[in-house]
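A.B. asks: what follows is a predicted protein model with its sequence.
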Amino acid sequence: MDLVQSIIERAKSNKQRIVLPEATEERTLRAADQVLADDIANLILIGNPDEIHALAEKWGLKNIDKATLIDPENNPKSEEYAALLAELRKKKGMTIEQARELVKNPLYLGCMIIKTGDADGQISGALSTTGDTLRPALQIIKCAPGITCVSGAMLLITKQPQYGENGVLVVGDVAVTPMPDAQQLAQIAVCTAQTAKSVAGFADPRVAMLSFSTKGSAKHEVVDKVVEATKLAKELAPELKIDGELQADAALVPSVGEKKAPGSDIAGKANVLVFPCLEVGNIAYKLVQRLGDAVALGPILQGIARPVNDLSRGCSVDDIYKMVAITACQAMDAKKQ
């Protein structure tokens with residue numbers, strides 16, 4: 001079974017409640033119909049129910065009736081949500097009037113539904129910017145315990161089975177934090193290993209902290225940051241298998257790992273790669289995707305207490321469908337934390 005299919009099967013095995021706040025957007029509604037047809041998740045669609053039903057009929061979608069529809073303009077829980085939001089944002093000076101307006105915003109409403117325990121995750125971005133997707137998540141759901149830094153992981157499905165986990169690598173950060181300090185980089189490492197477990201299904205994440213140096217072969221302050229981050233990650237998650245700093249070849253190729261980092265448990269065996277900064281991560285995954293003909297799944301946002309994922313505005317119906325399954329796998333895992 002390929003990785004995508006195994007993620008879908010895992011989602012089906014324990015159905016989660018996923019919010020789609022952009023439900024009147026065509027790709028989103030088509031993906032929702034497919035998710036409901038395949039019984040992957042219980043969906044909560046935010047939007048005017050009459051409009052959603054009319055669009056479903058127009059596009060020939062037969063499964064939308066299986067979803068829960070919530071009208072942001074006419075929601076019986078609006079006042080309860082507004083009171084909670086005003087309380088959560090009291091220190092920032094939010095008034096009840098401002099909160100009443102915000103809970104009509106589908107992205108905020110979805111996060112309030114998650115906060116009150118009535119949903120498990122949310123996906124948006126087909127219409128909204130990354131900032132619009134992340135803002136309510138960080139204000140309402142907040143970061144996971146012990147984490148202060150949100151990041152984005154990518155699953156790279158390569159045609160090189162000798163590397164990673166039968167050709168699959170989980171890498172981060174590729175999406176959110178431009179210049180992480182050592183503490184943030186340590187958190188990114190721990191979160192990316194968690195995503196490797198919960199989404200990619202890795203039983204044994206082996207994390208390489210990447211640099212242009214291997215075990216002191218080069219001296220520079222950016223290398224020092226990776227060394228420090230490796231130490232901090234071990235303190236943050238003592239059970240984590242992690243080593244650094246390692247060059248990419250030392251992390252992936254056993255013969256190079258043995259030469260450059262003798263005695264390392266990770267060198268030559270890594271299946272999770274942590275990039276020193278966002279610039280490196282974003283460029284690296286796009287090069288692997290284009291030149292190596294790899295499939296890149298993501299970005300998968302990590303570090304939030306409950307999963308909230310961000311789509312590209314150029315996403316396809318299939319991208320949204322897969323992201324529902326990914327978010328469901330993250331949601332199962334988040335409940336164990």
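C.D. replies: Arrived safely. Numbers count the residues shown, from 1 in each chain.

A.B. asks: who's in contact with the spatially closest residue to residue 220 that is not a sequence neighbour?
C.D. replies: Distances taken as C-beta to C-beta, 6 or more residues apart in numbering put residue 213 closest to residue 220, at 7.3 Å, once the chain neighbours are dropped. All C-beta atoms are positioned from the backbone trio N, CA, C, and that covers glycine. Each residue near residue 213 by C-beta atoms under 8 Å, 6 or more residues apart in numbering is listed here: 219, 220, 223, 226, 245, 247.

A.B. asks: which residues touch residue 244?
C.D. replies: 208, 209, 210, 211, 226, 227, 229, 230, 266, 274.

A.B. asks: mind checking the SS state of the closest residue to the last one other than its chain neighbours?
C.D. replies: So the one you mean is residue 274. Closest residue to residue 274 apart from its sequence neighbours, by C-beta to C-beta, 6+ apart: residue 189 at 4.6 Å. Under the three-state scheme (DSSP: H, G, I helix; E, B strand; the rest coil), residue 189 adopts helix.

A.B. asks: distance check, residue 189 against residue 40.
C.D. replies: Distance, residue 189 to residue 40, by C-beta to C-beta, to the nearest Å: 30 Å.

A.B. asks: same drill for these two, tell me which one is more crowded.
C.D. replies: residue 189 (32 against 23; other C-beta atoms under 10 Å).

A.B. asks: where's that one relative to residue 116, distance?
C.D. replies: 32 Å.

A.B. asks: same check on residue 93?
C.D. replies: For residue 93, the distance to residue 116 - C-beta to C-beta - is 23 Å.

A.B. asks: which residue of the two possesses the greater neighbour count?
C.D. replies: residue 116 (13 against 7).

A.B. asks: separation between that one and residue 19?
C.D. replies: 12 Å.

A.B. asks: ok, back up a step: name the SS class of the residue nearest to residue 220, please.
C.D. replies: Assignment for residue 213 (three-state DSSP): coil.

A.B. asks: which stretches of the stretch 151-300 of the chain form strands?
C.D. replies: 151-157, 168-172, 206-210, 241-246, 272-274, 295-302 (DSSP state E, counting those that start in this stretch).
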